[in-house]
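Engineer: Structure for the following, please:
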Amino acid sequence: MTPRLLRRRPWQRSGAFVASLSVLFSMPAYGHGLGLRYDLPLPLVLWIIGAASTVLLSFLIVAIAVRSNASVKAPTQSNLLRWQISNAVTGGKTRLIARLLAVAALILIVVAGIIGDQTPTRNLAPTAIWIAWWVGFSYLSAFVGNVWSIVNPWAAIFDWCEQLLSKPASRRAKVNWPKSLGVWPATGLFLVFGWLELVWEGRSIPSQLAWLAIGFSVLTWTGMFFFGRSTWLTHADPFALAFGILSKFAPTEICVEHAGCDTRAAYGGTVVTDRGEALDCDRCYRAAESRRGWILRLPGVGLLHTENISQSLVVFVIVMLSTVTFDGLMATPFWQRIENALYVALPALGDSRLAIINTLGLLSFCAIFIAVYRLVATLISQGSQKRMTPDTASRAFVLTLVPIAIAYLVAHYLSYFLIQGQLLIRLASDPFGFGWNIFGTARFRPDIGIVGARFVWYTSLFAIVIGHVAAVSLAHIIALRSFDDPRLAIRSQIPMLMLMVAYTMMSLWIIAQPIVE
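Structural biologist: All right, here's what the predicted structure looks like:
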């Protein structure tokens, strides 16, 4: 997801960011990037059919190439800490410097939001939050590793305060996290974040973002104090959980063997098992001298570990996927026609009708995605001759949807990231909008020609197809691990295949609308 900072409608009053960007770039704005209409060399329907056929063909190839579960049990991995340079990269000094920079950035963003110029393009806060942090760390998590777990400024400040007060979480009484809660708090908070980012009119106002950051800080530190740092991060922090899930696709993972941790049975941001599977528990990493590992692996291998998946985590993953898809849908003429029709038909709602329409749309979209996935899980159960229950099937295969979410992040937000991310060069010299020129870059003008509509289309096409092919392959591997009979594994995956083919077609249609319309 990225905020609809560049979308403008006749009846929206919060157009300061749009207007300023349009003036800055001297051209119209639309979607999540800036560009012109692109005429596809072939009709859109042919591209959609071709992409869907590719996903279908990939399933047949994988089914033929991988016929036994013996071939998928032990993927190749390598410990990068065998080399001295890797130890320097992951060493204590490097991690401390990274955390200090993250804390300084958080403070700078909050201060800039409160006291700086409230024009969105002249203030560091909107660009730093929506582009550098949310989109940037999503990419880092998916393609590098769980960098956020290392630099998380809220966790760093809490750690330092505990060390200063000599009262670590293990030495004081904590409130036990109810097992029935699972990650429902993180799911709810992520949905709130999605609403703020997609519906809330104040999403581009620096002072509003700054006070939201302060409120989130208070909530996070309070939760860490009562429940423990790691417990809160893995169950209630929506961003630690989201970045942790995305990082399971990444080619690297930091792990600690046989470590002790207060979230031993948790999942999503800090998990330590006797096998050495860990999602970057910083405390365990610091405590373990000879048992550390920085694992290099094939992309997507981390998504094959489906232990400790709760039903609440299933819903969290579906909410992530549905919100990012709904964000794309909101940029299409199709949704704008729905908005216009409902806006005219519901005058009784007054000035709040646009927010209400989009709120209901977001909630409905999430509910539809959850219901469809539940139906697919039920069909998988029936296809496996009920060797899996629908609940078991939903937990076993939900992580295979992560490559699709990552593909959509690339398809939908890369141009936005590359174009609007250039604002950081100018804002680095003048973060408050006071007319400073600290690094001599205050007059830098972003190059909107860095990407074009052609680049956006082909990048989106390849990202979506590759993401769905990866999802199909991972789902088949998990099926082989779950069933002794390869034929039964194939039959059980037909509903999942149909879901992914349908989502491929829908994704390409959504991505194409702002380009071809």
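
Engineer: my read is residue 294 is in a helix, agree?
Structural biologist: No. Counting by DSSP: H, G, I helix; E, B strand; the rest coil, residue 294 is not part of a helix but strand.

Engineer: wouldn't it be in contact with residue 150 here?
Structural biologist: No. Checked against Cβ atoms under 8 Å, the pair residue 294 and residue 150 is beyond contact range at 11.5 Å. The C-beta positions use only the backbone N, C-alpha and C, and glycine is treated the same way.

Engineer: where do the contact lists of those two overlap?
Structural biologist: residue 254 (Cβ atoms under 8 Å, 6 or more residues apart in numbering).

Engineer: Which residue of the protein lies farthest from its centroid?
Structural biologist: In terms of distance from the mean C-alpha position of the chain, residue 348 ranks first, at 36.4 Å (Cα atoms, centre = their mean).

Engineer: ok, that residue to residue 356 distance?
Structural biologist: 11 Å (Cβ to Cβ, to the nearest Å).

Engineer: Also residue 296?
Structural biologist: Residue 296 is 49 Å from residue 356, where distance means Cβ to Cβ.

Engineer: Residue 111 now?
Structural biologist: 34 Å.

Engineer: can you check residue 115 too?
Structural biologist: 33 Å.

Engineer: how about the strands in the stretch 1-150 of the chain?
Structural biologist: Secondary structure of the stretch 1-150 of the chain (DSSP state E, counting those that start in this stretch): strands at 77-79.

Engineer: Show me the shaky parts of it.
Structural biologist: 1-42, 66-77, 79-91 (pLDDT under 70).

Engineer: can we see that at 80?
Structural biologist: For the stretch 1-150 of the chain, the stretches flagged by pLDDT under 80 are 1-44, 47, 62-92.

Engineer: Helices of that one, start to end?
Structural biologist: For the stretch 1-150 of the chain, helices defined by DSSP state H, counting those that start in this stretch occupy the ranges 16-25, 44-65, 84-89, 92-115, 124-127, 136-143, 147-151.

Engineer: One more: the stretch 251-400 of the chain?
Structural biologist: 282-287, 311-329, 333-345, 353-383, 390-397.

Engineer: ok, now which ones touch the closest residue to residue 335 other than its chain neighbours?
Structural biologist: Nearest residue to residue 335, sequence neighbours excluded (Cβ to Cβ, 6 or more residues apart in numbering): residue 329, at 5.1 Å. Counting by Cβ under 8 Å, 6+ apart, residue 329 touches 335, 365, 510.

Engineer: What's the local residue count around the first one?
Structural biologist: This means residue 335. 18 (other Cβ atoms under 10 Å).

Engineer: ok, so what distance separates it from residue 357?
Structural biologist: Distance of residue 335 to residue 357, computed by Cβ to Cβ: 10 Å.

Engineer: on that earlier part again, what's the pLDDT at the residue nearest to residue 335?
Structural biologist: On pLDDT, residue 329 comes in at 91.

Engineer: ok, now residue 411?
Structural biologist: On the pLDDT scale, residue 411 is placed at 88.

Engineer: neighbours of it, just the number please.
Structural biologist: Residues contacting residue 411 under the criterion other Cβ under 10 Å number 25.

Engineer: Then the one 3 residues further on?
Structural biologist: A count of neighbours around residue 414, defined by other Cβ under 10 Å, yields 20.

Engineer: Looks like it contacts residue 457 (just checking).
Structural biologist: No. With contact defined as Cβ under 8 Å, residue 414 does not reach residue 457; the gap is 11.5 Å.

Engineer: Now do the strand or helix carrying residue 465: which elements does it pack against?
Structural biologist: Using DSSP states H and E, residue 465 maps to helix 453-482. Judged by 3 or more Cβ pairs under 8 Å, 6 or more residues apart in numbering; DSSP states H and E, the packing partners of helix 453-482 are helix 44-65, helix 390-397, helix 402-420, helix 486-516.

Engineer: which parts of stretch 371-386 are buried?
Structural biologist: Across stretch 371-386, burial judged by 16 or more other Cβ atoms under 10 Å covers 373-374, 376-381, 383-384.

Engineer: any chance of the residues you listed in CSV, with distance to residue 246 too?
Structural biologist: Below are those laid out as CSV (distance: Cβ to Cβ, whole Å):
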residue, distance to residue 246
373, 18
374, 23
376, 22
377, 22
378, 27
379, 27
380, 24
381, 28
383, 29
384, 28
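
Engineer: In contact with the closest residue to residue 313 other than its chain neighbours, which residues are there?
Structural biologist: Distances taken as Cβ to Cβ, 6+ apart place residue 183 nearest to residue 313, at 5.3 Å, with adjacent residues excluded. Listed by Cβ under 8 Å, 6+ apart, the contact set of residue 183 reads 234-236, 241, 267-268, 310, 312-313, 316.

Engineer: Output the residues you listed as TSV; include the columns neighbour count.
Structural biologist: Putting the contacts of residue 183 into TSV (neighbours: other Cβ atoms under 10 Å) gives the following:
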residue	neighbour count
234	27
235	28
236	23
241	27
267	23
268	28
310	19
312	17
313	24
316	25
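
Engineer: Give me the distance between the nearest residue to residue 54 once chain neighbours are set aside and residue 493.
Structural biologist: Distances taken as Cβ to Cβ, 6+ apart place residue 465 nearest to residue 54, at 5.4 Å, with adjacent residues excluded. Noted for residue 465: a distance of 18 Å to residue 493, by Cβ to Cβ.

Engineer: Neighbour count for the two, which is higher?
Structural biologist: Between residue 465 and residue 493, residue 493 has the larger neighbour count (other Cβ under 10 Å), namely 26 against 22.

Engineer: Verify the stated contact: that one with residue 477.
Structural biologist: No. Counting by Cβ under 8 Å, residue 493 does not reach residue 477; the two are 10.2 Å apart.

Engineer: The helix holding residue 465: how far from the chain's middle?
Structural biologist: Relative to its chain's centre, helix 453-482 lies at 16 Å (Cα atoms, centre = their mean, to the nearest Å).

Engineer: Next, the angle from that helix to helix 486-516.
Structural biologist: On the basis of axes from the mean of the first three to the mean of the last three Cα atoms, to 10 degrees, helix 453-482 is oriented at 160 degrees to helix 486-516.

Engineer: buried set for helix 453-482?
Structural biologist: By 16+ other Cβ under 10 Å, the buried positions in helix 453-482 come out as 453, 455-457, 459-461, 463-480, 482.

Engineer: how about CSV for the buried residues of stretch 371-386, with pLDDT and distance to residue 448 added?
Structural biologist: Shown next, in CSV, are the buried residues of stretch 371-386 (pLDDT from 0 to 100; distance: Cβ to Cβ, whole Å):
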residue, pLDDT, distance to residue 448
373, 95, 38
374, 95, 43
376, 94, 41
377, 94, 44
378, 94, 48
379, 94, 46
380, 92, 46
381, 91, 50
383, 86, 49
384, 82, 51
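
Engineer: Quick check: of these, which lies closest to residue 401?
Structural biologist: For these, the residue nearest residue 401 by Cβ to Cβ is residue 373; the value is 7.9 Å.

Engineer: The closest one against residue 318, yeah?
Structural biologist: Yes. Counting by Cβ under 8 Å, residue 318 is a contact partner of residue 373 at 5.5 Å.

Engineer: got any residues that touch both of the two?
Structural biologist: 398, 401.

Engineer: where does the stretch 251-400 of the chain dip in pLDDT?
Structural biologist: Where the stretch 251-400 of the chain drops to pLDDT under 80, the residues are 254-295, 307, 386.

Engineer: Please spell out which residues along stretch 299-308 are buried.
Structural biologist: Of the residues in stretch 299-308, those buried (16+ other Cβ under 10 Å) are 299-306.
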